[in-house]
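Visitor: what's the 3D shape of this:
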Amino acid sequence: MGGERGAGLVRARVLSRGSLTGRVKPPPSKSYTHRSVVLASLAEGESRLTNVLFSRDTKATISACTAMGARLTASGDGMSIVGVKPRAPEDVVNVENSGTTLRFMTSVLSLAKEGDSVLTGDSSIRSRPMQPLLDALGSLGVRAWSAPNNGRAPIIVKGGGMKGGETKIRGDISSQFVSSLLISSPMAESSTTITVEDAVSRPYLEATLATMKNFGVEVEREAFSEFEVAPASYEPGNFAVPSDFSSASFIMAAATVTGGRVRLDGINDEYPQGDSAILEILKSMGVKVVTNGNSVTIEAQGGRLKGGKFDLRDTPDLLPVVSVLALRCDSPVEIVGTAHARFKETDRIAGMASELKKLGVEAKERSDGLLIPPPSRLRSAPLDAHDDHRMFMALSIASLQIPEGAPILGVESLDVSYPSFLEDLESLGATIRRE
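Guide: Next comes the predicted model:
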């Protein structure tokens, strides 16, 4: 993962003074904020969104939708969005660090009647694969290509609309490719059939379909292998973004490793979220999980947890948090099914293995996951989240398990999904030292 870096940058050390206790309302869902903002921007008329996540990633989507002509007005934790037929932006679309924005808007901007659109982002974005989506769009009559001709951003998209027809796409790299096609294909000239080979992260596809239904478009499908999309228009509507299970999982883990009791408010199953699987994972490890309406309470006893084998094929964002829960287990934790986690903000399999080894953990990296034996003891060492928000939060949970903590580089990455993460940990009794 490279040598030591970050000279002169701020590191954060997360320390436990004992059991973490209290109440937290996790941030709104990043996934549902992206989806609802894009779909409301395609629905001609006014839509209202509530409990919106305003983070670095979602602001990239808001900016991109504004650039294509939608009128977005933020007020408190909500937004009013007046949707339009997309037009080519006047300037380059900078998606920052947001892969979701890049994938979704590549398809959406093909719907512009004329003009070219250019999308790019930071160094991480420019390393993430796009060719499967570009090829699938080509089968639907869209001209879109990689400017450096390497299957990666910057991406150039020709306006002129989507013709429709039949297309195939690999589903094993990112479900965002499939969601991108689903979001845009109702606005194609004719019906679209999307065949998906080996779909992963399937709950994210369910999230896309559920949000599309909220804005008036339903899709016929055969499980996750084939989708039939008829021409349709999105209808303006209201949408309440649910709280984010992905972000909440780190607070649950913080309570667990410190033997604490934490209640998380605003959590519900009204819309599908794959990362709600964290509840069953914690139960299998021996943690008491109490669900009551729109809240979840984690009650940990403070002893060792039970290890096991966890297939995270549909929930790859849980790989970092399960990796650090493993440090409290009395038997090995085996994570499988997550080869696609190598194509996130960073290679999360290699990244977590590298950082855990610094702490004295004999983590074994596999092609699709990790094998993490129980550590005899954890030692402190400078850690690097590699500009990845979920790795930073996971390493913070590791730091809680070390008496003197561990300094972690990458606090700025929290802006991507959970800007108040460290403040929420402090409210539960953790100590945060910036160095």
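
Visitor: every contact and neighbour count from this point should use C-alpha atoms.
Guide: Fine.

Visitor: what comes up buried for stretch 214-223?
Guide: The neighbour-count check on stretch 214-223 (16 or more other CA atoms under 10 Å) flags Asn214, Phe215, Val217, Glu218 as buried.

Visitor: quick one: contacts of it?
Guide: Residues from elsewhere that reach stretch 214-223 (CA atoms under 8 Å, 6 or more residues apart in numbering): 39-40, 43, 186, 209, 212, 227-230, 232-237, 239.

Visitor: in strands, which of those residues appear?
Guide: Residues of these located in strands (DSSP state E): Phe227, Glu228, Val229, Phe239.

Visitor: how many neighbours does the first one have?
Guide: Right, the one you point to is Phe227. Neighbourhood size, Phe227 [other CA atoms under 10 Å]: 18.

Visitor: using the three-state scheme, assign the residue lying closest to Phe177 once chain neighbours are set aside.
Guide: Leaving aside its sequence neighbours, Phe177 sits nearest to Leu133 (CA to CA, 6 or more residues apart in numbering; 5.5 Å). Judged by DSSP: H, G, I helix; E, B strand; the rest coil, the three-state class of Leu133 is helix.

Visitor: ok, then the element right after the helix or strand harbouring Ile169?
Guide: Using DSSP states H and E, Ile169 maps to strand 165-170. Using DSSP H and E, the helix or strand that follows strand 165-170 in sequence is helix 175-184.

Visitor: can I get that next one in CSV, CA atoms only?
Guide: Taking Å, rounded to 0.1, in the frame of the first residue of the first chain, the C-alpha atoms of helix 175-184 are listed here in CSV:
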residue,chain,number,x,y,z
SER,A,175,-23.7,-2.6,-8.8
GLN,A,176,-23.5,1.1,-9.6
PHE,A,177,-23.2,0.2,-13.3
VAL,A,178,-26.5,-1.5,-13.2
SER,A,179,-28.2,1.2,-11.1
SER,A,180,-26.9,3.8,-13.6
LEU,A,181,-28.6,2.0,-16.5
LEU,A,182,-31.8,1.4,-14.6
ILE,A,183,-32.1,5.1,-13.7
SER,A,184,-31.6,6.4,-17.2
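
Visitor: quick one, the helix or strand following it and strand 165-170 angle?
Guide: Of the helices and strands lying after helix 175-184 in sequence (DSSP H and E), the nearest is strand 192-197. Between strand 192-197 and strand 165-170, the angle comes out at 20 degrees (axes from the mean of the first three to the mean of the last three CA atoms, to 10 degrees).

Visitor: can you list the strands that strand 192-197 pairs with?
Guide: When pairing is defined by DSSP bridges, strand 192-197 lines up against strand 165-170 (parallel), strand 226-229 (antiparallel).

Visitor: most neighbours out of the ones in strands among the contacts of stretch 214-223, which is it?
Guide: Val229 (26 neighbours).

Visitor: what about that one, distance to Leu181?
Guide: Distance, Val229 to Leu181, using CA to CA, to the nearest Å: 10 Å.

Visitor: what of Arg328?
Guide: The value you get for Arg328 to Leu181, if CA to CA is used, is 41 Å.

Visitor: try Lys358
Guide: Lys358 sits 41 Å away from Leu181, going by CA to CA.

Visitor: between those two, which is the more surrounded one?
Guide: Neighbour totals were compared for Lys358 and Leu181, and Leu181 leads with 24 against 15 (other CA under 10 Å).

Visitor: what sits closest to the more buried one if chain neighbours are left out?
Guide: With sequence-adjacent residues excluded and distances taken as CA to CA, 6+ apart, Leu181 is closest to Ser107, at 6.5 Å.

Visitor: who does whichever strand or helix holds the one you found touch, helix- and strand-wise?
Guide: Ser107 is located in helix 99-108, with elements delineated by DSSP H and E. Judged by 3 or more CA pairs under 8 Å, 6 or more residues apart in numbering; DSSP states H and E, the packing partners of helix 99-108 are helix 56-67, strand 116-120, helix 175-184.

Visitor: where do the helices sit along the protein?
Guide: Along the chain, the segments classed as helices by DSSP state H run 30-42, 56-67, 99-108, 131-139, 175-184, 202-214, 245-257, 278-284, 319-325, 348-358, 389-400, 421-427.

Visitor: nearest to Ser80, of these?
Guide: Closest approach to Ser80 among those is made by helix 30-42 (9.0 Å; CA to CA).

Visitor: quick one, the closest one and helix 56-67 angle?
Guide: Per the same axes, to 10 degrees, the angle that helix 30-42 makes with helix 56-67 is 10 degrees.

Visitor: I'd like the numbering to begin with 27 instead of 1 from here.
Guide: Okay, residue one is now 27; in that scheme the one you just asked about reads as helix 56-68.

Visitor: tell me what helix 56-68 is packed against?
Guide: Contacts defined by 3+ CA pairs under 8 Å, 6+ apart place helix 56-68 against strand 71-76, helix 82-93, strand 104-109, helix 228-240.

Visitor: what average pLDDT does the last one get?
Guide: Meaning helix 228-240. Across helix 228-240, the average pLDDT comes to 95.

Visitor: list the buried residues in that helix.
Guide: Applying a neighbour-count criterion of 16+ other CA under 10 Å, one finds Arg228, Pro229, Tyr230, Leu231, Glu232, Ala233, Thr234, Leu235, Ala236, Thr237, Met238, Asn240 buried in helix 228-240.

Visitor: quick one, it and helix 56-68 angle?
Guide: Helix 228-240 and helix 56-68 are oriented at 30 degrees to each other (the same axes, to 10 degrees).

Visitor: also the first one?
Guide: With the same axes, to 10 degrees as the basis, strand 71-76 and helix 56-68 are set at 160 degrees to each other.

Visitor: which parts of strand 71-76 are buried?
Guide: For strand 71-76, by 16+ other CA under 10 Å, it's Gly71, Glu72, Ser73, Arg74, Leu75, Thr76.

Visitor: I'd like the residues you listed written out as a markdown table, with pLDDT and distance to Ser310 added.
Guide: Below are the buried residues of strand 71-76 laid out as a markdown table (pLDDT from 0 to 100; distance: CA to CA, whole Å):
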| residue | pLDDT | distance to Ser310 |
| --- | --- | --- |
| Gly71 | 97 | 47 |
| Glu72 | 98 | 45 |
| Ser73 | 98 | 41 |
| Arg74 | 98 | 39 |
| Leu75 | 98 | 36 |
| Thr76 | 97 | 34 |
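
Visitor: now for those, which pair is the farthest apart?
Guide: Gly71 and Thr76 (16.9 Å).

Visitor: any idea how far Ala173 is from Val144?
Guide: If you measure Ala173 against Val144 using CA to CA, the figure is 9 Å.
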